[in-house]
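Visitor: Provide a 3D model corresponding to the input given below.
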Amino acid sequence: MINRVLIRLKVVQILYAYYKNGGRSVEAAEKELFYSLSKAYDLYNYLLLLMVEVTRFAERRIDNRRHKLRPTYEDLNPNTRFVDNAFMVQLAQNKQLAEYAANQKRSWDDVGDFVKELFERIEQTKAYQEYMAKETLSYEDDRELWRKMYRTVIAQNEELDELLEEQSLYWNDDKAIVDTFVLKTIKRFEPENGADQELMPEYKDEEDKEFARKLFRNAIANAEAYRKMMESNAKNWDMERFAFMDILIMQVALAEICSFPTIPTTVSLNEYVEVAKMYSTPKSGGFINGMLDNIVNQLKKENKLNKE
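Guide: Model prediction:
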């Protein structure tokens, strides 16, 4: 689940903290990097559990209404399509998710009011109302309902963003990326897999984990060389006038361009322009792209850039 887009963001974040703290310990900073990445995987599982908890709330509400002192006909004969949703039943029974939940102290039980409000927002959507009114439903219908609910109600939810930020500072910038992986997970579910349906692994493979480690270490180890490259291509600009974050982003970008021959230079350039849009000034993207492009051209002329 932890992909290279997220890794690049985390490396820039931790590198910023490393320098702001005086660059005391590379080992401690690297440990912080991997802890930060692991928290993103926690968020992935936590958001999957949110869907389960919303369904459980709906089940409790049906049960409570059935046991009222004077239940209505609707209370005794509720529409249970939402709580019987086959995709959600499968997710709730998923072995990997259950194992994760059993080993975590954090629970959506602690924010019951938010879960209630979230379900009420789902109830008000046109997609939910159309789903509940259908004569027949397939597994694909059940899965598609939750894909729509997640995309429109959970992913686009400022209250949820604020709640997650209160629970973990590591989640400030992670949710938008993690949302894409939750949506991919929903799409991948197949009924024949039952409780053994595979969720996304923390890392696709060891190569991505090593990418994070090498990128971070090289960004620090070769910082002086990378900054000299910037200075030689700054033309009439004074390096001291550069935004500190711009320098860090270019430092990490150069670590990637110079250390990973299999990654196309254009890919690296585009990725760090996007990082600049998130973390630096409005004009930083174009400035960083121009600077890096000049440095790459210089490295090519000097035969110092080895790309496959």
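
Visitor: per-residue confidence for the residue nearest to Tyr203 when sequence neighbours are not counted?
Guide: Sequence neighbours aside, Lys209 is the residue nearest to Tyr203 in space, at 4.9 Å (criterion: Cβ to Cβ, 6 or more residues apart in numbering). The C-beta positions use only the backbone N, C-alpha and C, and glycine is treated the same way. We note a pLDDT of 96 for Lys209 in this prediction.

Visitor: thought Lys209 was touching Pro201?
Guide: No - if you go by Cβ atoms under 8 Å, Lys209 and Pro201 don't touch, sitting 10.8 Å apart.

Visitor: looking at these two, which is more packed in?
Guide: Neighbours were tallied for Lys209 and for Pro201 using other Cβ atoms under 10 Å; the higher tally belongs to Lys209 (16 against 11).

Visitor: list the contacts of Val182.
Guide: Contacts were defined as Cβ atoms under 8 Å, 6 or more residues apart in numbering; by that measure Val182 touches 44, 47-48, 150.

Visitor: which of those residues sits closest to Lys214?
Guide: Nearest to Lys214 among the contacts of Val182 is Tyr44, at 23.9 Å by Cβ to Cβ.

Visitor: in which helix or strand does the closest one reside?
Guide: Tyr44 is part of helix 26-66, with elements assigned from DSSP states H and E.

Visitor: packing partners for that helix?
Guide: Applying 3 or more Cβ pairs under 8 Å, 6 or more residues apart in numbering; DSSP states H and E, one finds that helix 26-66 contacts helix 4-20, helix 73-76, helix 86-92, helix 95-102, helix 112-123, helix 175-188, helix 206-221.

Visitor: any idea of the angle that helix forms with helix 112-123?
Guide: 70 degrees (axes from the mean of the first three to the mean of the last three Cα atoms, to 10 degrees).

Visitor: could you pull up the mean pLDDT of helix 26-66?
Guide: Taken as a whole, helix 26-66 carries a mean pLDDT of 96.

Visitor: same check, this time on stretch 113-131
Guide: Per-region confidence: stretch 113-131 scores 97 on mean pLDDT.

Visitor: end-to-end on it?
Guide: Between the opening and closing residues of stretch 113-131 lies a distance of 25 Å (Cα to Cα, to the nearest Å).

Visitor: give me the contacts around it.
Guide: Outside of stretch 113-131, the residues within contact range by Cβ under 8 Å, 6+ apart are 50, 53-54, 57-58, 61, 81-82, 108, 137, 141, 145, 148-149, 152-154, 157, 159-160, 163.

Visitor: go through that stretch and flag the buried ones.
Guide: 114-115, 118-119, 121-122, 127-128, 131 (16 or more other Cβ atoms under 10 Å).
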